[in-house]
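Participant: Here is my input, please return the structure:
(6 chains)
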Number of protein chains: 4
Amino acid sequence: MRKLDPIRHEEKRQEILAAANRCFERSGLKGASISDICKEAGISPGHLYHYFQSKDAIIATLSEAWLSRTRERFEGLSALEGNVAAALVVEIGRLAPSGPNSGTELVFEILAESTRNPAMGEIIQAHSRSLRAIIADVLRTGQKRGDVRADLDVEQAATVAVAVVDGLKALSLRAPQADRQPAAALFQNMLEGLIKGEGP
Amino acid sequence: MRKLDPIRHEEKRQEILAAANRCFERSGLKGASISDICKEAGISPGHLYHYFQSKDAIIATLSEAWLSRTRERFEGLSALEGNVAAALVVEIGRLAPSGPNSGTELVFEILAESTRNPAMGEIIQAHSRSLRAIIADVLRTGQKRGDVRADLDVEQAATVAVAVVDGLKALSLRAPQADRQPAAALFQNMLEGLIKGEGP
Amino acid sequence: MRKLDPIRHEEKRQEILAAANRCFERSGLKGASISDICKEAGISPGHLYHYFQSKDAIIATLSEAWLSRTRERFEGLSALEGNVAAALVVEIGRLAPSGPNSGTELVFEILAESTRNPAMGEIIQAHSRSLRAIIADVLRTGQKRGDVRADLDVEQAATVAVAVVDGLKALSLRAPQADRQPAAALFQNMLEGLIKGEGP
Amino acid sequence: MRKLDPIRHEEKRQEILAAANRCFERSGLKGASISDICKEAGISPGHLYHYFQSKDAIIATLSEAWLSRTRERFEGLSALEGNVAAALVVEIGRLAPSGPNSGTELVFEILAESTRNPAMGEIIQAHSRSLRAIIADVLRTGQKRGDVRADLDVEQAATVAVAVVDGLKALSLRAPQADRQPAAALFQNMLEGLIKGEGP
DNA sequence: GATGAATGAGTCTTCATTCAT
DNA sequence: GATGAATGAAGACTCATTCAT
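Facilitator: Presented below is the predicted three-dimensional model:
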């Protein structure tokens, strides 16, 4: 007499994650309590622990989601037909508008937490590696097609791109109501210069 | 028969701030408790509240200090005699080595907190404005001396520079044990391209 | 078309009791949770309550088992052919080696619990009475055969024997890694003196 | 401007210990909660942790007190002038009347806990050693005065005495309302036989 | 028979803060 | 200035138990 659990279970899990996400965005990683999350999800504290082992486990699960959002933006770029490098630059430029919504702060919180919590450090570093690998891949594709200068150290360039992404995210918190498009345009120019290479 | 209070008072205040700073670096903004700080400072909790109204007040005070560290790096630049723009680029490149010590994480924590705490928001934005102003000033000085291309929008370029600073700080957390110098060198190249101008 | 339920039911009950026993030995009466027991037994919490009304009911059932172990050691003695009193003394001496395994601690826990839980008190006292009765019976058999001195108050002697049994169990917890055999030998001498009588 | 803390502090500490003691006797080691203890002591939970690091610390402190009660009964015996061995036997016989008051159950609870909690194990074993040492000392004094037979292994005899003490304590829980004096008298006879030696 | 979702009061402990001295 | 006693709400998490399926 089996139950159709797996589906229901996963649904509930996702509901709880969504509720937790809202709480974390509202109050921060340490600011949001298990009790808050339970209220938001409409469940009892005991029940939450049926789905997650600990608050940290919830944070870890959500962290991957938060970090994935950025990664997904770049995944698939190297499969494009046209000028891959240009697409990359455009994509990075598009990061600027994202205001203090989509949990940018939370990424910075886990970045800070990664200093003290080894588990978080793992997550962050794994994400950093994969993000860097994706961008390096895009750049290599560009090199094959001649859109990226041949002598570019793609690994270091990818590292720079990741840092630019972080810098733009920080910018959205530093100047929440400013028009960040012009600065993003400058960044695009800079990246184009780096990637295409124009001066000796 | 004057009392030396004001001096002593300020000394003690600074001692407490130093102790709090150590605690925050060790455990984070929420992770460090008033009790921890008191132990570190060697005073009683009641006494601490003679010097600071609340934990938030301590954080606010220290935040300015943390942010100032970066500002001070750039403050004297426009008064330099030589190539001001080159000095700026060098200075930004120097940020890379700073590992996950010196409270880099704390800057990201207050960045995140600024989303939720208006007082923090004020502090962050004031600091961002002043940092941008300083860098814009350096660039304007460079324009006068011909080291910076005349048609550069110095305000936007300063914004970009601030974002690069943040990006490099994030990088030091994302890749704590990597050699970040090569990436920093690429950043320097990019900034030079932006500032001196090589485009058509 | 009879159902095999009653048999299966009892089997499952015993399985659960065995699992609970393991848990209690591992973590103590309060330390072991229903959840632990369910995991150990490989069943769901809801299911466990089909077999036992409550955790206390499980403990009560097992308590009888724990206490019975000691009772069973002495049960067949009075039916022996040879010197019954000597066999009793030997049997008591054999208690010493039992280390802090076999749930000796649990007997002391229910002894403590009996102070506060009347149901436990009932169980303990019933067991004490029956154990005393068995030993008194053995002694009476010994008196008939002349192995036990005729003027011995067998009821009081049985009470003493029970206390000696408890004392030896406590000893196995107080000195878990000591060789308790020499002390047990002294006890045997003492009991022989009591039973055979050597006084004036 | 020093405070007269040390005195007040110790007083409060003792008050809390007394309250905790009452709670533990009423509900057992795990059954009594910090909250119960705070209510009984008339303080807030936060305040309790000003005086004790943890519930375990309270239990450890009280454990020593509980165990000491028994030890104190025997301390001083070897300094007596008269027949030391007889005094020891009398003292052991006096243990019987102590009903289920004075926290006998709690001693058994820590005895059980000592199996699982190393800190408790330490306490129990230290106490066992000191109790055994005291009784062995009394017996040695008796040997010098000729009250104890010269060939007695005093260490093993002391071990037996400790077990008898535990056995009598268990008896007070097994038969709370019985007259345990006759059984205690038998024990005294047995011990006299062991100590003075009457056999061949 | 059997599952596991669900509860909510309860666990120990920590927190920022206040107050009498 | 300085102490540390005192608070009590809140922290994360666990518990024995019930119920719909």
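Participant: quick one: the longest helix along chain A near chain B?
Facilitator: Longest helix in chain A by number of residues, with DSSP state H as the criterion: helix A:118-145. Yes: contact between helix A:118-145 and chain B is present through A:121, A:124-125, A:128 (criterion: Cβ under 8 Å from any Cβ of the partner chain). Quick note: C-beta positions are derived from backbone N, CA and C, even for glycine.
Participant: just curious, which of those residues is nearest to chain C?
Facilitator: The shortest distance between chain C and any of the residues of helix A:118-145 next to chain B, using Cβ to the nearest Cβ, involves A:Gly121 and amounts to 31.5 Å.
Participant: hang on, the closest one packs against A:Thr115?
Facilitator: Yes: in terms of Cβ atoms under 8 Å, A:Gly121 counts as a neighbour of A:Thr115; the distance is 7.5 Å.
Participant: Please enumerate the shared neighbours of these two.
Facilitator: B:Pro176 (Cβ atoms under 8 Å, 6 or more residues apart in numbering or on different chains).
Participant: Just the mean pLDDT for the helix or strand following the longest helix of chain A, thanks.
Facilitator: The helix or strand immediately downstream of helix A:118-145 is helix A:154-174, counting by DSSP states H and E. This predicted structure assigns helix A:154-174 an average pLDDT of 96.
Participant: Next, the angle helix B:118-145 makes with helix A:154-174.
Facilitator: Here helix A:154-174 points in a direction 120 degrees away from that of helix B:118-145 (axes from the mean of the first three to the mean of the last three Cα atoms, to 10 degrees).
Participant: Please identify the buried residues of the helix or strand that helix A:154-174 is followed by?
Facilitator: Per DSSP H and E, the first helix or strand lying C-terminal to helix A:154-174 is helix A:181-196. Applying a neighbour-count criterion of 16 or more other Cβ atoms under 10 Å in any protein chain shown, one finds A:182-184, A:186-195 buried in helix A:181-196.
Participant: quick one: is helix A:181-196 near chain B?
Facilitator: Yes: judged by Cβ under 8 Å from any Cβ, helix A:181-196 comes into contact with chain B at A:182-183, A:186-187, A:189-191, A:193-194.
Participant: Among these, which one sits closest to DNA strand E?
Facilitator: Distance to DNA strand E, by Cβ to the nearest atom of the strand, is smallest for A:Ala183 among the residues of helix A:181-196 next to chain B, at 36.6 Å.
Participant: Tell me the spatial nearest neighbour of the closest one, not counting adjacent residues.
Facilitator: In space, A:Ala183 comes closest to B:Thr159 once its chain neighbours are excluded; the distance is 4.2 Å by Cβ to Cβ, 6 or more residues apart in numbering or on different chains.
Participant: Hmm, the one you found is touching A:Ala170, no?
Facilitator: No: with contacts defined as Cβ under 8 Å, B:Thr159 does not count as touching A:Ala170, sitting 11.2 Å away.
Participant: A:Glu91: how many residues sit nearby?
Facilitator: A count of neighbours around A:Glu91, defined by other Cβ atoms under 10 Å in any protein chain shown, yields 16.
Participant: pLDDT (mean, whole number) over the one helix or strand it maps to?
Facilitator: For A:Glu91, the enclosing helix or strand under DSSP H and E is helix A:84-93. Average pLDDT, helix A:84-93: 92.
Participant: Equivalent analysis for stretch A:52-61, please.
Facilitator: Mean pLDDT, taken over the full extent of stretch A:52-61, equals 97.
Participant: Could you list which residues are in contact with A:Gln188?
Facilitator: For A:Gln188, the contact set (Cβ under 8 Å, 6+ apart) comprises A:89-90, A:92-93.
Participant: Show me what from chain A comes close to DNA strand E.
Facilitator: A:1, A:3, A:5, A:8-9, A:12, A:43-47, A:50-51 (Cβ under 7 Å from any atom of the strand).
Participant: Quick check: the farthest pair among the residues you listed?
Facilitator: Within the residues of chain A next to DNA strand E, two members stand farthest from each other by Cβ to Cβ: A:Met1 and A:Pro45, at 29.5 Å.
Participant: Per-residue pLDDT of A:Asn101, please?
Facilitator: Per-residue confidence for A:Asn101 comes out at a pLDDT of 60.
Participant: Please apply the same query to the one 3 residues further on.
Facilitator: On pLDDT, A:Thr104 comes in at 89.
Participant: now A:Ala185
Facilitator: In the predicted model, A:Ala185 carries a pLDDT score of 94.
Participant: List the contacts of the closest residue in space to it that isn't next to it in sequence.
Facilitator: Spatial nearest neighbour of A:Ala185, excluding adjacent residues (Cβ to Cβ, 6+ apart): A:Gly93 at 6.8 Å. With contacts defined as Cβ under 8 Å, 6+ apart, A:Gly93 is in contact with A:184-185, A:187-188.
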